[in-house]
Each structure stands twice: as C-alpha cells, then as structure tokens.
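1. My questions concern the predicted model and sequence given below.
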Amino acid sequence: MRTPTFGEVEAAADRIAGVVRPLTIAPMGRQSDDEQAAGFLRPSTETGAEIFLGLEFLQYTGSFKARGAANLMAGLIETGSMPDAGIVSATGANADIGFAWAASVFDVRATVFLAGSTGRAKVARLRALGAEVQLSGETQDHARESAHEFMASTGAIDAYTYDDILTSAGAGTILLEFVDAVAGLDTIVLAVGAGGMLSGIAAVADHFGIRVVGTEPDGSRALNAALAAGTVLDVDVDSIAADSLGAPRVSAAALAWARTTDVRSVVVDDEAIVRARRQLWERHRLVVEHGSATGLAALATRAYQPCDGERIGVVLCGANTDPSDLVD
C-alpha cells in the first residue's frame, strides 16, 4: 500500500491547471445577534477563530471528483497507459460523473455501469457528457459485476481503483490552492467518505504543518472506526449523507495518512448536518449536498473546538443535490 506524496500533488496541480476550475474562497463574514440566537454558526468563535469556506462545489460536475478524475486521465495519457477501450466507472455515486466529464475533456472512451433502477436524470447527464451507460441488474453490486466482465473482455480500466494515487493527488490540489489564498492557514476541515480526498489533502497538510480535521456522519464513520480499531474494517451505513459519504470502509492509504499526521477524527449526527446545510443556504445562499455540510456541522456543534486565533478552512466539496427541501 502506497500513499500520495506532496510531490505527486504538485505534479497533479501542473497537469490539471487550466482544466479544472480554481478554488473560490469565501470568508464567513459577520452575523447579527438575532442570527446567532437562531443557532447559526458564529464566524468568529469565542476564541477568535476565523473560518474560510472553500467552494469546491463550484467545480465542474458539482464536486471535487473532477480534480482526481482529470489527473487520472492526464497521468495515464502521459505515460501511455490509457487503453483504447478507455475507462469504466461503476460507483453509483458522484465519481461516475467526474470520470465521465474528465473522459470527455481528454477524448477518452468512458463506459458507466449502473443499476437498472438508477434515476433517468443521472443517466441523461452521463450520456450528455459522452459516456456510454449500461444499465445492468437490480442493484449497483450487480452493475459492478457486469463492469468487471466488460473490463476482462475489452481491456478497459476501472477508473475508481486503477490508480488511486493519481485521483487522491488530484483532490489534494484543493489544499494547495487554499494555502495560496489564505495566509497562515492553521487547520483544514473536510468531510470523509472512502478517504481519497483525505489522502491527497493530508500529504499537503503534512508538508505545510496544517492540522487536518476529518468529519463524518455518526451513521457512516469508516475513518473514525478504523482509527479506533487500528485497521480498516467495514461499518454499517445509515445517514442522510450516505449518498456522498456512504463508504462502508475507508481506504488503507487514508488510514495510513490519518495515523501518520494525527488527523482529528470527529463525528456529527444527521440533525447537525441538516442544520449546517440549511444555514449555508439561509445565511450565505450556498446550496450543497448533506455530505458537504458535514465539516461545518463539526464546527457548529463544537465536535471540533478551535484554539485561540485559529484560521480554519472548510472544504464544501459537492452540490449534487435537490435544493427543493431548502425552501419552505
């Protein structure tokens, strides 16, 4: 098992420059007493910490996945490792869209396998990006079985597992841009699913001496459980944020970086996630998915308590969501 290095994240930044959208940073700003009384997160805590939001959900495809996918395509083409059959994706999650988008940018064939019950909107979006969509079986596990058969017969590669160093390094470029934009950044707070983004960001954080806070829903705590057990293990998933953070296990690379860099692992309940997501809309007019609001929920509930004068970046990583439940 190998983890991404700082040098690999720097190389990723060079590869995807001009391909992905640069990170937009938004200070949280001042709030009124009435807003604070209504339960909004204070932009400066009692200790004087400052909070900066990284609006990565503005990325192409609506999530950070575009960075890793772009670096994967560029890296494979650079080394002559991209097969004529292209790539396959069968995650059933945001990664499918990220890989399909990146494949279209780099003129690579993309085949996505999904369960027959997948919503028409997602299928249409993938096809609009140029991906060939195969609906197979009743569940995503059945679709993955079909994907494996396709790869065995065509030589196409599994974009999700073929080289997680490239995809993680691509995600790590988020923190490189945060560091450039926010002087004296002390801490980066991010949501954790399978841990690809955590691995890349931890490599950068270790280089600059930045604290990493990995946040998870109470009902989907793969990293938290792995740190407690000292090894990767399967966890049950039951959370409102499971559509983006519903990984049954964290990657070995993410666990290794978390242990090496003393990542602070915190969990929050679904109620806090819902409140944080609604705050982002009502206070800032930002629409994100529930998983994306998990980091802010950790600060609002004091699951992570900042130190005096701490400068904190929060990665808002995705917005593939239905915003209708934000409007009463």
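-> Okay, I see it. This structure is a prediction, so every number in the text was calculated from the model and none was measured.

2. State the helix or strand in which residue 70 lies.
-> Using DSSP states H and E, residue 70 sits within helix 65-78.

3. ok, now residue 150?
-> Assigned by DSSP H and E, residue 150 belongs to helix 140-154.

4. send the alpha carbons of that helix over as CSV?
-> Taking C-alpha atoms only, helix 140-154 is exported to CSV below (Å, rounded to 0.1, in the frame of the first residue of the first chain):
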residue,chain,number,x,y,z
GLN,A,140,-25.2,-1.4,-8.0
ASP,A,141,-23.4,-4.6,-7.0
HIS,A,142,-24.9,-6.4,-10.0
ALA,A,143,-23.8,-3.5,-12.2
ARG,A,144,-20.3,-3.8,-10.9
GLU,A,145,-20.2,-7.5,-11.8
SER,A,146,-21.2,-6.6,-15.3
ALA,A,147,-18.4,-3.9,-15.3
HIS,A,148,-15.8,-6.5,-14.3
GLU,A,149,-16.9,-8.8,-17.2
PHE,A,150,-16.6,-5.8,-19.6
MET,A,151,-13.2,-4.9,-18.4
ALA,A,152,-12.0,-8.5,-18.6
SER,A,153,-13.2,-8.8,-22.2
THR,A,154,-12.1,-5.3,-23.5
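
5. Give the rounded mean pLDDT of that helix.
-> The average pLDDT for helix 140-154 rounds to 93.

6. helix or strand right after it?
-> Next helix or strand after helix 140-154 toward the C-terminus (DSSP H and E): strand 157-158.

7. Show me what that following strand is packed up against.
-> Judged by 3 or more Cβ pairs under 8 Å, 6 or more residues apart in numbering; DSSP states H and E, strand 157-158 is in contact with strand 87-89, helix 140-154. Every residue, glycine included, has its C-beta placed from N, CA and C.

8. Make TSV out of those and add distance to residue 17.
-> Formatted as TSV, these follow (distance: least, Cβ to Cβ, whole Å):
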stretch	distance to residue 17
strand 87-89	22
helix 140-154	31
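
9. for these, which one sits closest to residue 98?
-> Closest to residue 98 of the helices and strands packed on strand 157-158 is strand 87-89 (Cβ to Cβ; 8.4 Å).

10. What strands line up against the closest one, and which way round?
-> The pairing partners recorded for strand 87-89 under DSSP bridges are strand 110-114 (parallel), strand 157-158 (parallel).

11. looking at those strands, which is buried most?
-> strand 110-114 (a mean of 26; mean count of other Cβ atoms under 10 Å).

12. distance between it and the chain's centre?
-> Taking Cα atoms, centre = their mean, to the nearest Å, one finds the center of strand 110-114 at 20 Å from the center of the full chain.

13. What mean pLDDT does that strand get?
-> 95.

14. And for stretch 286-306?
-> 92.

15. can you give me the end-to-end distance of that stretch?
-> Length of stretch 286-306, first residue to last, Cα to Cα, to the nearest Å: 23 Å.

16. quick one, strands of this structure?
-> Applying DSSP state E to the chain gives strands spanning 25-27, 50-54, 87-89, 110-114, 132-135, 157-158, 187-191, 211-217, 264-268, 311-315.

17. who touches the residue lying closest to residue 272 once chain neighbours are set aside in this structure?
-> Spatially, and ignoring its direct neighbours in sequence, residue 272 is nearest to residue 297 (4.2 Å; Cβ to Cβ, 6 or more residues apart in numbering). Counting by Cβ atoms under 8 Å, 6 or more residues apart in numbering, residue 297 makes contact with 215, 268, 272, 273, 275, 276, 303.

18. I am finished for the moment; much appreciated.
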